[in-house]
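Student: The following block contains a protein sequence and its predicted model.
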Amino acid sequence: MLELNFPIISVLIALPILGALLIPLIFKTSQKYIVIYASIFSFIELLLSFYAYRLILINGTGGSYNFTEGPISIIRHFGIDYYVGMDGLSAPLVIITSILSLLVIIGSRDLISDRKVLYYSLLLLFQGAIMGVFTSLNMILFYVFWDVVLIPMFLFIGIWGGPRRKYAAIKFFLFTFIGSIFMLFAFILIYFSVTPNSFNITDVAGKIPLGLQIISSVLFLIGFGVKLPIVPFHTWLPDAHVEAPAPISVLLAGLLLKMGGYGFLRFNIGLLPEASAQYAWIFILIGVITMFYGAFVALVQTDIKKMIALTSINHMGFVILGAFTGTVFGISGAIFQMFTHAAAIGLMFMLSGYLHKVSGTRDITVIKGLKFTSPRLASLLVLGSMAAMALPIFSSFLSEYMVIVGAINVNPIYAVTVAIPVITVAYFLWMLQRVVMSNPTTVRVRHHDLGTFSTLTLVLYLIPLVLTLVVPWLILGVSNPISEVYTNLISSGAA
Amino acid sequence: MNIPIILLVLLSIPALSIPIIHLLFGKKGINYIRYLTASSLLISLLLLFGSLIGLISQESTLPHLIRTDLLGSFFGFIVILVSLFVVISSFDYMKDHSNEAIYYSLLLFTSIGMLLLSFAVDLLLIFVAWELMSLPTFILAGFNKQDKLSNEGAVKFFILGALSSGILLYGISLIFGLVGSTNLYVIANNFESLDPTLIPLVMFGTIALLAGLGLKLSIVPFHMWIPDTYQGSPTTVSTLLSAATKKAGFAAAIRIFAVIFPLFAFDLSFALAIVAVLTMSLGNLAALTQKSITRLLAYSSIAQAGYLLIGLVVMPYSDLGLIGLLYHSFNHAILQATAFLAVALVRLKTSSTNLTSYQGLSKIMPITSFCLAISLLGLAGFPPLNGFWSKLVLFGAAVDGGYAWLAFIGLINSAISVAYYLLVIKRMYMDESKTVSNIIEPIAFKSVLLFATIVIIMTGLFPNLIYDLSQEITNSFLTNSLV
């Protein structure tokens, strides 16, 4: 338990929202410095989250809630409090939120030219809301932030998206909102089942009766499963990703999907350990099906963005698999996987945006000879693919390895998941072969390539991946303590 | 101070003098009439507000005809607030209508009826207030006398309204004949000495009462008039019908329900729960298929009545039931009024209520679109707007009162309702409009909309404001309910 004498988490939540509200006032006439303005807010966020993260890492207090604020009651007699804190599960997600938001703001400079005032306010609003999701310790507060995240995303897809944007935006909104309603029902049931009635995670932990744990597990499976997403609730994802502009896809895959993984770990494992221990095989089965489904469907895609989107389904399957193994390796690996996937997939989506800009299409079969026409873009595409297919030069290898080891620890039959990285490698290599390594067609030779600035910002995505491969302690030092706590919960729940 | 009596005088004087002013000054007097109406409502509103926050102490009289309590002030506040919104928006909406003066007079009479209904504890006064509230609205619904739709809606409304008055009166006469009083509290006292074989008849009378009230509460199966009337009447009148008269009906229902229903050994809650399920499901499913925004909002209003009924269902089992009911009554009144008034403004400017005329509206009428979008999200129960909190309390009350399945059905209904609210927002913000020229949004109208939207957002960000008030009212109402 760390304490600070200033409310760091509230600042993390409120600062971007404040920035968002000020944008329409400041940039009424000229929008020249709007990117710099938004980046400054996001950069301060990054520094603050680094500071908080560093304290948790050095003190090794990832197993408990640090910097807690509250409970300050919002509705006093109905248990709704403002109550936030950060533990080893939230901290890596807070860090990756700060990193990706900053990179997305900078990256949007090239790719978004329309209705900038609204766009950058929504970006900052999104950042604040998602910080709230990852740090809320009151279930209703969590739900509020969870739903507030939907509004900017709905508008992002619906306003700046591709040709079928309206359909995709509405589908996205309805799927995730309806899912969240199941989650809310579970929260209400939990509130009335514990004495004294409470929505605070710290108060209800360990008090929920087994029958309700099972009901809540089913409700959470729908609520979080839509976000993660798991098969069969995934159908909104390819549409949303394909239609969303590239920077928004980064947020969608990099941060929004993590809300589902976070929910599974925080609520299913943390609050419902007995039900999760007894019915782990159902969740693991769903995870494995999701992984195979995502991998096989990605194999046959011709749209590079859709392929990357389906990779996310495949990779997020690792999170649910790792979480429900109930081992330190598995849970820590799941947290690690959320971190690495965010960085790797973020890079890939940005690249797909640039690819579209450079070659005018995203069709894998049409783009040819990228290594001749745009060498910088081609090299980054190769590096990004390597990160996404978990080659041992990036830490995505480590996280997937940890999850698989954790799974095999539980039951050797889960060794079947080793096949997943193999399929992933297959479709990425096939894509690279067709897009990068082929000879350019004489008709479509273009000499556009990435500018130096864009190249540099894109390389930034890779730095966390290399850094955490060399020093995995940077993540594991935070995530292992909480994984141990959760492992103990699960093993006592199974007994 | 006896708030209801003071307000009765305060509002009757302008209501009666408006026709005279109109007779004396003709067209020239219309501005006086407008300001007179608005200011008398504003003063009433301030008085009610004062009594709600405890600035003005109410003498707690023994309940004969009226009971001056916080519950009455709360519902009085809601209905007067909505009436004030309606009056101010009507400055533009009813401009140059040939009978504008009479319109304001009728509005004031309806307000008096609603106000009395909020305080009434005697079945006879409930009936009189009911008629005082209903009769002007029949005329208001058909106010555009050249408009066939307006006439159709008004006739339908009148026939069903007359029927409901009849049923209400029948129930009252049965109860009076059997128990020997029309005062709710005396009925409760006399009940013990009643011959047990007569109890089913009293119950029948009570159900007749609720059936009569059901018409205004817009619950299934008394909902048929709503879409046609909301569609046909001037939209400001629809605002009044959906946001105000319905709430006054709920005030009467709460009083009858809280005092009389506990007397029966038989549990009526389950039957009411079924009605609630039917009401919200029918409202939401029918709203999905509507092509006109007024009909969409009409069905949405039916669905919201279903959520409010949850509060009545669990009122005997959980205090949260009444809290949620009061809380959602306030929030729904504001949300529904904002949505309907925004629609009224669009109808005034484009003379269309068709959903297709909302395409690209955000570029033509930015403020109206914003207010409409916020109020629709609030109606859908989207956090952190006020509609979310009160729905949460209602569903929580259902779980607390042992009706978890009802909460689940309510939540599923919320999920369905998001679809049609969202499609309107999509039309406004994502579709391309046919026209490009900006439409000027009148100042009075715009300020009402903006004020209401600010209330929606602020009571959403600080939900304890209204929640604590609802809780206080609930506590004082339930502890003194058998004086």
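Tutor: The structure has been received and is ready for your questions.
Student: hey, let's count contacts and neighbours off CA atoms from now on
Tutor: Will do.
Student: For the strand or helix carrying residue B:337, give the mean pLDDT please.
Tutor: Mapping residue B:337 onto the secondary structure by DSSP states H and E places it in helix B:319-350. When the per-residue pLDDT values of helix B:319-350 are averaged, the result is 93.
Student: That helix and chain A in contact?
Tutor: No - applying C-alpha under 8 Å from any C-alpha of the partner chain, one finds helix B:319-350 out of contact with chain A, separated by at least 9.0 Å.
Student: what's in contact with the very next helix or strand once past that helix?
Tutor: Reading on from helix B:319-350 to the C-terminus, the next helix or strand found by DSSP H and E is helix B:361-364. Under the contact criterion C-alpha atoms under 8 Å, 6 or more residues apart in numbering or on different chains, helix B:361-364 has outside partners B:368, B:369, B:370, B:427, B:428, B:429, B:433, B:436, B:437, B:438, B:439.
Student: what ranges do the strands span in the stretch 1-150 of chain A?
Tutor: Shown for the stretch 1-150 of chain A, the strands assigned by DSSP state E, counting those that start in this stretch span residues A:66-75, A:80-86.
Student: re the thing from before, going by contacts, tell me the helices and strands next to the helix holding residue B:337.
Tutor: With contacts defined as 3 or more C-alpha pairs under 8 Å, 6 or more residues apart in numbering or on different chains; DSSP states H and E, the secondary structure elements packing on helix B:319-350 are helix B:70-93, helix B:235-239, helix B:293-314, helix B:366-379, helix B:386-400, helix B:443-461, helix B:464-479.
Student: Packing partners of the helix or strand containing residue A:349?
Tutor: Under the assignment given by DSSP H and E, the secondary-structure element containing residue A:349 is helix A:328-359. Using 3+ C-alpha pairs under 8 Å, 6+ apart as the contact criterion, the neighbours of helix A:328-359 among helices and strands are helix A:90-111, helix A:246-251, helix A:304-325, helix A:375-388, helix A:395-410, helix A:462-470, helix A:473-494.
Student: Please name every helix or strand in contact with the lowest-mean-pLDDT helix or strand in chain A.
Tutor: With mean pLDDT, DSSP states H and E as the measure, the helix or strand of chain A carrying the lowest mean pLDDT is helix A:370-373 (a mean of 82). With contacts defined as 3+ C-alpha pairs under 8 Å, 6+ apart, the packing partners of helix A:370-373 are helix A:375-388.
Student: what does the helix it packs on rub up against?
Tutor: Taking contacts as C-alpha under 8 Å, 6+ apart, the residues outside helix A:375-388 that touch it are A:341, A:344-345, A:347-348, A:351, A:355, A:370-371, A:393-397, A:428, A:432, A:436, A:449-450, A:455, A:458-459, A:462, A:465.
Student: repeat for stretch A:34-49
Tutor: Under the contact criterion C-alpha under 8 Å, 6+ apart, stretch A:34-49 has outside partners A:8, A:12, A:15-16, A:19, A:27, A:94-95, A:98-99, A:101-102, A:105-106, A:109, A:116-117, A:120, A:124.
Student: For the strands of the stretch 1-150 of chain A, give me JSON lines that also has distance to residue A:238 and mean pLDDT.
Tutor: Listed next are the strands of the stretch 1-150 of chain A as JSON lines, based on distance: least, C-alpha to C-alpha, whole Å; pLDDT from 0 to 100:
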{"stretch": "strand A:66-75", "distance to residue A:238": "37", "mean pLDDT": "88"}
{"stretch": "strand A:80-86", "distance to residue A:238": "32", "mean pLDDT": "93"}
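Student: Near chain B, which residues of the stretch 1-150 of chain A are found?
Tutor: Where the stretch 1-150 of chain A comes near chain B, counting by C-alpha under 8 Å from any C-alpha, the residues are A:74, A:75, A:76, A:78, A:144, A:147, A:148.
Student: Could I have the buried ones of the contacts of stretch A:34-49 as ChimeraX selection syntax?
Tutor: To isolate the buried subset of the contacts of stretch A:34-49 in ChimeraX, counting by 16 or more other C-alpha atoms under 10 Å in any protein chain shown, use the following:
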select /A:8,12,15,16,19,94,95,98,99,101,102,105,106,116,117,120,124
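Student: How about the contacts made by residue A:157?
Tutor: A:165, A:166, A:168, A:169, A:240, A:243, A:244, A:245, A:248.
Student: if we go to 10 Å?
Tutor: Counting by C-alpha atoms under 10 Å, 6 or more residues apart in numbering or on different chains, residue A:157 makes contact with A:164-170, A:172, A:239-245, A:248-249.
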